[in-house]
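**Student:** Quick check, what structure comes out for this input:
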Amino acid sequence: MLSEFSKNEKKILSSHFSNTDESVFAIITPKQVDRGALMSRYSRTNKSMRRIFLDEFLKNKNRGEEFYDRVLLEYGDDSVAELGEAQIAIEGLSNIAVKKIEDRRIGLSYLEKSSRYVVWDKKINGQYQFYRDPAIMKSRFADEYLDACNFSFNVYSKNIEPMINYVREKYPIEKYFFKDSQDKKEKPFSKLKKEIDIKYANMIYKGSTKAKALDILRGLLPAATLTNVGITGNGRAFEYLLTILLSSELEEEQNLASKIKKELDSTIKSFVRRSDDKYGKALQSYLKQAKKVSQRIAVKEIKPISTLGTMIKLVDWESEKKSIDKIVTSIIYEHSQSTSYKNILLQVKKLSKEKKIKIIKSLADLRLNRRHRPGRAFETVYYTFDMLNNFGMFRDFHRHRALTLERQLLTTDHGYNTPIEIEILGIDKEYSECMNKTKETFDKIRIKNPEQGQYVVNFAYNYPYFMKFNLREACHLIELRTIPQGHIDYRRVAQQMYLQIKKVHPNLSKIMKFVDLKEYDLERFESEKRTQEKKQKLK
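**Tutor:** Numbers count the residues shown, from 1 in each chain. Next up is the predicted model:
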């Protein structure tokens with residue numbers, strides 16, 4: 001087969017594409033805007049992509065920019081903006097702002113600084129690292145805000161070592177088994193002979209006990225605590241994120257929008273330029289108005305009733321009979337020919353209950369581990385949970401994006417969570433003093449600045465939100481969040497979710513084969529062991 005390109009053209013193309021003759025190739029031309037424009041132009045011509053590049057892009061260095069100016073600004077083809085991608089790192093933003101960013105579910109992926117592996121006690125220039133909101137700092141409550149946040153950090157910081165010592169005393173290393181590198185058998189720590197095995201055992205033990213201690217103490221951290229987040233995403237998603245941040249009442253989020261936009265302009269400018277133009281401002285206005293209208297409706301129609309304590313309650317679902325019919329119909333539909341969903345559903349309804357349950361079981365039996373996910377047929381059944389649990393735990397569930405999650409403002413209205421270890425260590429009075437100081441400060445700030453008041457609230461305070469997800473996502477979320485190395489708070493919540501689904505759908509819930517209902521002393525222990533084994537194999 002003769003090549004489409006001359007020898008000279010191939011030489012030129014080799015700097016912009018991974019190969020010049022194969023039917024599958026990577027686009028490696030350096031300018032992001034050209035890569036995206038090539039992809040879009042590709043869909044509306046008979047030419048090959050490499051020919052498009054030679055004919056239209058090679059001689060005009062601004063071809064990509066011109067293309068997006070025309071398509072995005074003149075025609076508003078939003079999907080084209082997904083062809084530009086960027087990675088942004090944001091350092092020193094609050095846990096309030098990072099949650100607003102991570103509310104964006106589609107088109108963006110996040111990696112955030114962990115509260116269970118990183119100690120948050122560092123000071124810079126003598127100050128703990130928490131956000132100082134301008135509206136608060138200009139108010140008469142500035143000193144109380146600083147005092148409350150500093151007190152939270154002081155209690156957290158000074159109890160890290162005591163809590164680590166307590167955990168290690170309660171769960172001594174001699175209680176655990178480690179692999180002997182010589183005979184590959186699991187043995188008690190006291191039976192290890194080789195120096196390298198003792199070294200790795202100590203690393204595993206210290207890592208898992210430190211994580212346990214930090215898990216217990218993280219409730220003391222205020223939502224103002226500064227964190228870091230890395231974001232990978234496409235232009236369309238970034239553009240919407242910028243619009244959301246610009247329409248915020250919080251100065252921090254508005255400033256973040258300006259900073260993010262500046263950096264995106266250096267990489268994918270053409271893909272995000274509408275965020276602050278006429279189009280973007282109109283969208284910002286709409287978002288602000290929609291928020292005000294929703295707030296007026298809520299105040300007018302609903303009487304607030306605060307709930308103290310925690311809650312995990314399944315509040316909306318369909319009968320198992322109806323749900324099974326939907327799933328079996330969907331299973332069959334994909335592999336049927338020349339027949340409608342309605343016709344299949346009518347026939348499925350005539351099948352015996354036993355036969356339909358057997359169909360579900362046959363697919364459940366195929367799952368050998370939690371990564372063998374059920375098919376899309378299991379997306380036809382939904383569950384809604386009314387949730388009230390500590391903000392620190394919410395941050396973990398918030399990472400799941402294949403679902404609908406709506407949340408309220410962070411307040412001190414619903415009480416707080418006190419881990420039993422806080423009482424055993426004898427710091428419960430100081431812990432309570434911290435929470436009470438927070439509440440007093442929050443109640444003063446909220447009168448005029450309810451949004452800004454969130455910053456002072458500790459992770460331990462209970463937080464209301466609801467989650468709606470289908471059975472396929474329930475399978476993923478619950479199986480993942482009950483693995484042994486998970487934080488004890490969200491493990492227990494995920495376990496409760498499973499038990500409530502099992503109660504209303506005893507047959508369908510069998511698709512969730514890898515839910516772990518056990519309790520563990522050191523949640524991170526087995527995971528730390530596996531990590532060390534992998535590291536040893538790499539040496």
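**Student:** From here on, just use CA atoms for contacts and neighbour counts.
**Tutor:** Fine.
**Student:** Look at Tyr166 and give its secondary structure.
**Tutor:** In the three-state summary, Tyr166 is assigned as helix, counting by DSSP: H, G, I helix; E, B strand; the rest coil.
**Student:** Against Phe525, how distant is it?
**Tutor:** Taken as Cα to Cα, to the nearest Å, the spacing of Tyr166 relative to Phe525 amounts to 16 Å.
**Student:** Let me see the mean pLDDT of stretch 438-449.
**Tutor:** pLDDT averaged over stretch 438-449 equals 97, rounded to a whole number.
**Student:** mind checking how far that stretch is from the chain centre?
**Tutor:** Relative to its chain's centre, stretch 438-449 lies at 29 Å (Cα atoms, centre = their mean, to the nearest Å).
**Student:** Ok, stretch 340-347 next?
**Tutor:** Centre-to-centre, stretch 340-347 and its host chain are 38 Å apart (Cα atoms, centre = their mean).
**Student:** Residues in contact with it: which ones?
**Tutor:** By Cα atoms under 8 Å, 6 or more residues apart in numbering, the list of residues contacting stretch 340-347 from outside reads Asp325, Lys326, Thr329, Ser330, Ile332, Tyr333.
**Student:** Helices - which of those residues land there?
**Tutor:** Using DSSP state H to define helices, the subset of the contacts of stretch 340-347 located there is Asp325, Lys326, Thr329, Ser330, Ile332, Tyr333.
**Student:** Settle this for me: Met311 is touching His414, isn't it.
**Tutor:** No: judged on Cα atoms under 8 Å, Met311 makes no contact with His414 at a distance of 10.5 Å.
**Student:** Settle it for me: which of the two has more neighbours?
**Tutor:** For Met311 and His414, the more surrounded residue by other Cα atoms under 10 Å is His414, and the numbers stand at 19 against 16.
**Student:** doesn't that one fall inside a helix?
**Tutor:** No: the assignment for His414 by three-state DSSP gives coil, which leaves it out of any helix.
**Student:** Would you check how far apart it and Leu217 are?
**Tutor:** Distance from His414 to Leu217, counting by Cα to Cα: 19 Å.
**Student:** Next: Thr339.
**Tutor:** Distance of Thr339 to Leu217, given as Cα to Cα: 58 Å.
**Student:** what about the two, which has more around it?
**Tutor:** Applying other Cα under 10 Å to Thr339 and Leu217 shows that Leu217 carries more neighbours, namely 25 against 9.
**Student:** The ones in helices among the contacts of stretch 340-347: which two are farthest apart?
**Tutor:** The most widely separated members of these are Asp325 and Tyr333, with 11.9 Å between them, by Cα to Cα.
**Student:** So between those two, which is more surrounded?
**Tutor:** Summary of the neighbour comparison: Asp325 and Tyr333, criterion other Cα under 10 Å, with Asp325 having more neighbours (23 against 19).
**Student:** The stretch 301-450 of the chain: strands as residue ranges?
**Tutor:** In the stretch 301-450 of the chain, strands defined by DSSP state E, counting those that start in this stretch lie at 311-316, 382-390, 404-407, listed in chain order.
**Student:** Same question for the chain.
**Tutor:** Counting by DSSP state E, the segments of the chain that form strands are 85-94, 108-112, 123-124, 127-128, 177-179, 186-188, 226-234, 311-316, 382-390, 404-407, 462-470.
**Student:** With respect to Leu425, which of the ones you listed lies nearest?
**Tutor:** Taking Cα to Cα as the criterion, strand 382-390 is the member of the strands of the chain that comes nearest to Leu425, at 20.6 Å.
**Student:** name the helices or strands packed onto the closest one?
**Tutor:** strand 311-316, strand 462-470 (3 or more Cα pairs under 8 Å, 6 or more residues apart in numbering; DSSP states H and E).
**Student:** before we move on, back to that, same list (the ones in helices among the contacts of stretch 340-347) but as TSV, adding distance to Gln347 and pLDDT.
**Tutor:** Compiled in TSV, the ones in helices among the contacts of stretch 340-347 are given as follows (distance: Cα to Cα, whole Å; pLDDT from 0 to 100):
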residue	distance to Gln347	pLDDT
Asp325	10	97
Lys326	12	97
Thr329	9	97
Ser330	12	96
Ile332	11	96
Tyr333	12	95
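**Student:** Could you report the neighbour count for Asp277?
**Tutor:** Counted with other Cα under 10 Å, the burial measure for Asp277 works out to 11 neighbours.
**Student:** got the phi/psi numbers for it?
**Tutor:** The phi/psi pair for Asp277 (degrees, to the nearest 10) reads phi -90, psi -160.
**Student:** so where is the protein shaky, pLDDT-wise?
**Tutor:** Scanning the chain with the threshold set as pLDDT under 70 gives 1-2, 68-78, 533-539.
**Student:** Go ahead and flag the most central residue of it.
**Tutor:** With distances taken as Cα atoms, centre = their mean, Arg399 lies nearest the centre of the chain, 1.7 Å away.
**Student:** That one reaches Glu102, doesn't it?
**Tutor:** Yes: the pair Arg399 / Glu102 is scored as a contact, 7.5 Å apart, by Cα under 8 Å.
**Student:** on that earlier part again, just give me the closest of the ones in helices among the contacts of stretch 340-347 to Asp143.
**Tutor:** For Asp143, the closest of the ones in helices among the contacts of stretch 340-347 turns out to be Lys326, at 58.5 Å, with distances computed as Cα to Cα.
**Student:** How about Phe466: what's its closest non-neighbour residue?
**Tutor:** On the basis of Cα to Cα, 6 or more residues apart in numbering, the spatially nearest residue to Phe466 that is not a chain neighbour turns out to be Asp386, at 4.7 Å.
**Student:** ok, that neighbour - contacts?
**Tutor:** Listed by Cα under 8 Å, 6+ apart, the contact partners of Asp386 are Met311, Ile312, Lys313, Leu314, Val315, Pro464, Tyr465, Phe466, Met467.
**Student:** If any of these are buried, put those into a ChimeraX selection.
**Tutor:** If you want just the buried ones from the contacts of Asp386 in ChimeraX, going by 16 or more other Cα atoms under 10 Å, the selection is:
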select :311,312,314,464,466,467
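**Student:** Reformat the contacts of Asp386 as TSV; add distance to Gln347.
**Tutor:** Written out in TSV, the entries for those read as follows (distance: Cα to Cα, whole Å):
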residue	distance to Gln347
Met311	40
Ile312	37
Lys313	34
Leu314	31
Val315	30
Pro464	42
Tyr465	39
Phe466	36
Met467	33
